[in-house]
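> next comes the sequence, and after it the predicted model I'd like to discuss.
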Amino acid sequence: MSEILLSKSAYEHNLTQIAKKVGSKKRIIAVLKDNAYGHGALLMGKIASEFGIEIACVKSELEARELSRLFKSIIVLSHLPTGAENGEFIYAINELRALEKIRPNSQIHLAIDTLMHRNGIDITEIETAINIIKKRNLILKGAFTHFRASDEHSGDYFVQKENFKQAKDKIKEFFDGELIFHSHNSAAIERSADIGDEYVRAGMAQFGYFGFNDSLGLKRVLSLYADRISSRVLRTGQSVGYGGVFTATSDMNIATYDLGYGDGLLRYNGKGELYLANGKPILGKMSMDSFSSIDMGERICVFDNADIWAEFFGTINYDILVKLSPTIARRVVE
Ligand SMILES: *Cc1c(COP(=O)(O)O)cnc(C)c1O
């Protein structure tokens, strides 16, 4: 059975490196959305929590419920207000209207739009927001923003830092309760000279891939293994798989391994060379539940570096990892 191995020591190393940069592990918010970027939310969440991380960040209430026993606080990023919010979770407020719909006494973090124009309220809406918060007895616990290009060499990062500073001042002007602020994602953590007393939302850096530069010396956590279903000799002139797009130019020992696009791998169409971890190519089109290559024994590593697949498919490593099906077995190893 194919399997994902997750290195506990690599994950702890990455958390340690981030904690050093930020000043304390208590200021790390572990972003574990989308099954922890395909790694496995519960498995990663357990390690993060034992490591001393107290806050997690997820996409939905469903994800929050899965992790609720592990963390002191869980921030739900993409919640659509229902009026029946869970008092234990913290909900991101992505627009003013959400403040009117969410259940009174809900805990919230205000998302501030500082340039990305994806989610959050405008800086000019802060006073109105705080008035609604007070009127509706919402429990404001923090505010945050998200960088649109922290992984790029552009001025945007600095513009947004400045805008967020203004937003923080404005919030403090109208609200005097205790709040936490957070803006830095992985690439921003890597590049920042000074995070001040903010918390950070660490996503991909936890899992060993850097977005801006490798200043943290990260180690990749996930490796993907496939097991042999069958093997045979592919004779000269014979072709393997759908459409027969790979043809043997000499007799070769080939095997079929038990991972395919049904397991969340992007579908290789047999064109161009897509390499497995040991440098051997996949032969012919990938099937839903398998692919073929030369016979390399019972178990092979498909990848331990998602960048190779991301580059081949013209996408980002996030896209390769997050699609790995939750039905693939996952095991934590040292
Ligand atoms: C996904 C996400 C993050 C984490 O981003 P990384 O680049 O993976 O560190 C942080 N904040 C928000 C709002 C996100 O959606």
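Received the coordinates, thanks. Residues are numbered from 1 along each chain as shown.
> need the phi and psi values for the residue in the chain that the ligand sits nearest to.
Going by CB to the nearest ligand atom, the ligand is nearest to Gly203 of the chain, at 2.1 Å. In this view, the C-beta of every residue, glycine as well, is placed from N, C-alpha and C. When read as degrees, to the nearest 10, the backbone of Gly203 gives phi -110, psi -100.
> I figured it hits His39, correct?
No: at 11.2 Å, Gly203 does not count as touching His39 under the criterion of CB atoms under 8 Å.
> now do the strands in the stretch 201-334 of the chain.
222-234, 239-240, 246-247, 252-257, 291-294, 299-303, 329-333 (DSSP state E, counting those that start in this stretch).
> quick one, which of those strands is packed in tightest?
Greatest average neighbour count among these goes to strand 291-294 (a mean of 22), per mean count of other CB atoms under 10 Å.
> what's near enough to touch the spatially most central residue of the chain?
Nearest to the mean C-alpha position of the chain, by CA atoms, centre = their mean, lies Tyr37 at 3.6 Å. Tyr37 is in contact with Gly203, Met204, Phe207, Tyr318, Leu321, Val322, counting by CB atoms under 8 Å, 6 or more residues apart in numbering.
> which non-adjacent residue is nearest Ile102?
In this structure, Ile102 finds its nearest non-sequential neighbour in Pro81, 4.2 Å apart by CB to CB, 6 or more residues apart in numbering.
> what about the nearest residue to Ala10 once chain neighbours are set aside, how many residues nearby?
Leaving aside its sequence neighbours, Ala10 sits nearest to Lys219 (CB to CB, 6+ apart; 3.9 Å). Lys219 has 16 neighbouring residues, counting by other CB atoms under 10 Å.
> phi, psi for Lys219 please.
When read as degrees, to the nearest 10, the backbone of Lys219 gives phi -120, psi 130.
> now check stretch 308-315, is it near the ligand?
No: Stretch 308-315 stays clear of the ligand (CB under 6 Å from any ligand atom), getting no nearer than 14.0 Å.
> touching that stretch from outside, list them.
For stretch 308-315, contacts defined as CB under 8 Å, 6+ apart pick out Leu265, Leu266, Gly272, Leu274, Tyr275, Phe303, Ile316, Asn317, Asp319, Ile320.
> follow-up on the earlier one: does the residue nearest to Ala10 touch Lys8 like I think?
No: the pair Lys219 and Lys8 fails to qualify as a contact (CB under 8 Å) at a distance of 11.1 Å.
> per-residue confidence at the residue lying closest to Ala149 once chain neighbours are set aside?
Distances taken as CB to CB, 6+ apart put Asp156 closest to Ala149, at 4.3 Å, once the chain neighbours are dropped. Note for Asp156: predicted pLDDT of 96.
> residue contacts, the residue nearest to Ile102?
Here Pro81 is in contact with Tyr91, Ala98, Lys101, Ile102, Arg103 (criterion: CB under 8 Å, 6+ apart).
> 7 Å instead?
Ala98, Lys101, Ile102 (CB atoms under 7 Å, 6 or more residues apart in numbering).
> the first one: what secondary structure?
It stands for Ala98. Secondary structure, DSSP: H, G, I helix; E, B strand; the rest coil: Ala98 is helix.
> for it, which non-adjacent residue is closest in space?
Pro81 is the one closest to Ala98 (CB to CB, 6+ apart), at 5.0 Å.
> for that neighbour, what is the enclosing helix or strand?
Per DSSP states H and E, Pro81 falls between elements, in no helix or strand.
> centre of the chain to the helix of greatest length in the chain, how far?
As assigned by DSSP state H, the longest helix anywhere in the chain is helix 156-174. Relative to its parent chain, helix 156-174 has a centroid offset of 26 Å by CA atoms, centre = their mean, to the nearest Å.
> what's the following helix or strand after it?
strand 180-184.
> is any residue of that next one near the ligand?
No: judged by CB under 6 Å from any ligand atom, strand 180-184 makes no contact with the ligand; its nearest approach is 8.2 Å.
> got the angle for that strand vs helix 156-174?
Calculated by axes from the mean of the first three to the mean of the last three CA atoms, to 10 degrees, strand 180-184 forms an angle of 170 degrees with helix 156-174.
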